[in-house]
Every structure is written in C-alpha cells, then in structure tokens.
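1. Return a 3D structure for these sequence lines:
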Amino acid sequence: MEEEFVRSTVRLSADFQERVRVAIAKRRLRSFQQAVEDALNLWLGAPAVPVAPPPAGLSREESHQVGLFLDFLRSGEPTAVEMVKHALELHARKQRAQRKRSSA
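-> Numbering: from 1, shown residues only. Model prediction:
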C-alpha cells in the first residue's frame with residue numbers, strides 16, 4: 001500500500017523560525033566537520049607514498065639530500081623560504097663571478 005502525504009504550509013513565529021534555521025545550520029556544520037575529520041583520518045592513516053628510486057646520476061646520499069631539501073621547502077616556513085632565497089642568490093653571484101673569471 002502506498003501512503004499519501006498532504007502538503008501544507010506551516011506558519012511559525014519569527015523567533016521559532018530562527019531557532020529552527022540555527023539548528024539546521026548547526027547540524028550541517030557538524031556534518032561538514034565530521035566529513036573533514038574522516039577525510040583527514042583517511043589521508044593521515046594511508047600508507048606513505050613509495051619512494052621512487054634515485055634519478056640516474058644521483059647517489060643515494062644526494063637523493064636523500066634532495067628529499068630533505070624538498071621537505072624543507074614544502075614546510076612553507078617563512079624563514080625557510082628566506083634561507084633558500086638567500087642561498088640561491090649567493091649561488092647565482094658566485095656563478096656570475098666564475099663566468100667572468102673564465103671569460104677574462
């Protein structure tokens with residue numbers, strides 16, 4: 001047997017309507033927070049991505065150092081960014097000076 005439903009409009013006081021809207025919003029927020037927590041738990045609980053073999057021409061030690069450097073950059077620390085920027089600028093200056101000496 002199929003049930004029949006009657007549609008009707010219910011009028012609520014403004015105060016009660018606001019409380020209903022707040023309750024619905026809180027439920028949605030809790031649901032969203034739970035979804036985010038579940039996703040983070042799955043991500044953090046997942047096995048680590050397998051480490052690729054070092055590219056040709058790199059020793060294991062060099063590959064390890066490159067990995068550490070990439071982790072350092074991925075941290076997003078402002079001081080890390082400044083240190084890397086400074087090191088790259090210093091390297092560029094040394095390279096220019098070396099090219100000038102070799103061309104003279």
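
2. what's the distance between the lengthiest helix in the chain and the middle of its chain?
-> Of all segments of type helix in the chain, defined using DSSP state H, the longest is helix 14-45. Computed by C-alpha atoms, centre = their mean, to the nearest Å, the chain-centroid distance of helix 14-45 equals 22 Å.

3. Tell me which residues of that helix come out buried.
-> When burial is assessed from 16 or more other C-beta atoms under 10 Å, helix 14-45 yields no buried residues. (Each C-beta comes from the backbone N, C-alpha and C, glycine too.)

4. Just list what it packs against, helices and strands only.
-> Counting contacts by 3 or more C-beta pairs under 8 Å, 6 or more residues apart in numbering; DSSP states H and E, helix 14-45 packs against no other helix or strand.

5. Show me what the next helix or strand after that helix is packed up against.
-> Counting by DSSP states H and E, the next helix or strand C-terminal to helix 14-45 is helix 60-74. Judged by 3+ C-beta pairs under 8 Å, 6+ apart, helix 60-74 is in contact with helix 78-103.

6. per-domain residue ranges of this protein.
-> 11-47, 57-104 (automatic domain parsing).
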